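**Student:** Okay, here's the prediction I keep looking at, along with the sequence it came from:
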Amino acid sequence: TPLDETVAFLIKFLAGAKFYSLFSFLFGLGFYVQLSRAEAKGRSMHSFYPRRLLVLLLFGTLHSLFLWDGDILRLYAVTGFVLLPYRNRPLRTLLMTSAVLVIISAVLLALPVDRWAISYSGIDFVAQARAAYTSNRYSVVLAHRFWQFPDSVVYLFYQQGPSVLALFLLGLWTGRQRIFENLSAHRSLLRRIFWIGLAIGLVGNLAFATTHDRLLSSVAVTVGAPALSFCYASGLLLLAHPPRWEARVAPLARVGRLALSSSLLQSIVCSSLFYGYGLGLYDKIGAFGGLMLTFAIFLIQIPVSAWWLQRFNFGP
């Protein structure tokens, strides 16, 4: 319907590629937090960080095979190892490497490489996926995921690997600048980031959502998506700073504290709603219906997260 088309455009314009960009940035920032805490305790990152990444890789692999093949945790876990040699590199090196990776990402996305041609030839992958996900047998879905697992890994690293690492390094750079440790002293910087990110983000993502030119689209999303995500982040930080607003946005922070648990719960709920072995909504509702489900699921997760954190310090 026209409503679905409008919502699909707005999702691509305002959300597509913005939130994995933001989460990648936060992953790099989280690396700095772990690094600084370890140094304060006299511990080496090598004593625990590789183990955490291997556990994350296990979660991502199980997630992609048994729940949802769009998992990005595998990429985060493998790319996270690259952060270790950069932990003490000069700040200028972090920024320059990040910039080079952004250029590499734009070039890769601009290449005329079809997703399925990377690993397969002469196979109607879309038809096979539709047949699997509308099947009422979980074993059929599972077999399909195992069969396409190599392709999903190759394509994930090809499409998002350089941009994710670039944002990792930018998050590490921000952490070492200690911007988040004293937000009140950096309000003017946050305002500049908000307005610059908004300007670049709106222009870039308008091009991303409307153009059919591969090169323009790749450049637009590689630059525009992180810019708009930084606009969102700085806007939330500015909004949350006054005491009267801090309490209003605090419920969002509770979901954020359970980021991995919240993400996996969404996969459990949505796979049960959409796939044939559940309610079978796959390929049956439009973008507007999907957006309404998005709000419904997240609004439920807010009180659930609050309930959990009243009883436990960490997610399950």
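**Tutor:** Noted; the coordinates are in hand. Numbering: from 1, shown residues only.
**Student:** Need the outlier residue of this structure, farthest from its centre.
**Tutor:** When distances are taken from the C-alpha mean of the chain, Gly42 lies farthest, 31.7 Å away, according to CA atoms, centre = their mean.
**Student:** these two touch, right, Pro316 and Leu264?
**Tutor:** No: counting by CB atoms under 8 Å, Pro316 does not reach Leu264; the two are 9.1 Å apart. For every residue, glycine as well, the C-beta is placed using N, CA and C.
**Student:** just to revisit the earlier point, name the SS class of the residue farthest from the centre of the chain, please.
**Tutor:** coil (DSSP: H, G, I helix; E, B strand; the rest coil).
**Student:** Over to Arg178?
**Tutor:** coil.
**Student:** For it, grab the count of nearby residues.
**Tutor:** 12 (other CB atoms under 10 Å).
**Student:** quick one: it from Leu215, how far?
**Tutor:** Relative to Leu215, Arg178 is positioned 38 Å away (CB to CB, to the nearest Å).
**Student:** Pull out the buried positions in the helix or strand hosting Gly224.
**Tutor:** Assigned by DSSP states H and E, Gly224 belongs to helix 214-240. Residues 217-238, 240 are the ones in helix 214-240 that count as buried (16 or more other CB atoms under 10 Å).
**Student:** now do stretch 22-32
**Tutor:** So, applying 16+ other CB under 10 Å, buried residues of stretch 22-32: 22-32.
**Student:** ok, back up a step: more neighbours: Pro316 and Leu264, which one.
**Tutor:** Leu264 (20 against 9).
**Student:** can you pull the contacts of the more buried one?
**Tutor:** 59, 63, 67 (CB atoms under 8 Å, 6 or more residues apart in numbering).
**Student:** for the closest residue to the last one other than its chain neighbours, what are its contacts?
**Tutor:** Distances taken as CB to CB, 6 or more residues apart in numbering place Ser267 nearest to Leu67, at 4.3 Å, with adjacent residues excluded. Contacts here follow CB under 8 Å, 6+ apart; on that basis Ser267 touches 63, 67-68.
**Student:** pLDDT on the host helix or strand of Gly161, on average?
**Tutor:** According to DSSP H and E, Gly161 maps onto helix 138-176. Helix 138-176 comes out with an average pLDDT of 92.
**Student:** now do stretch 187-202
**Tutor:** On average, stretch 187-202 scores 95.
**Student:** Pull out the buried residues from it.
**Tutor:** Within stretch 187-202, the residues scored as buried using 16+ other CB under 10 Å are 190, 193-194, 197-198, 200-202.
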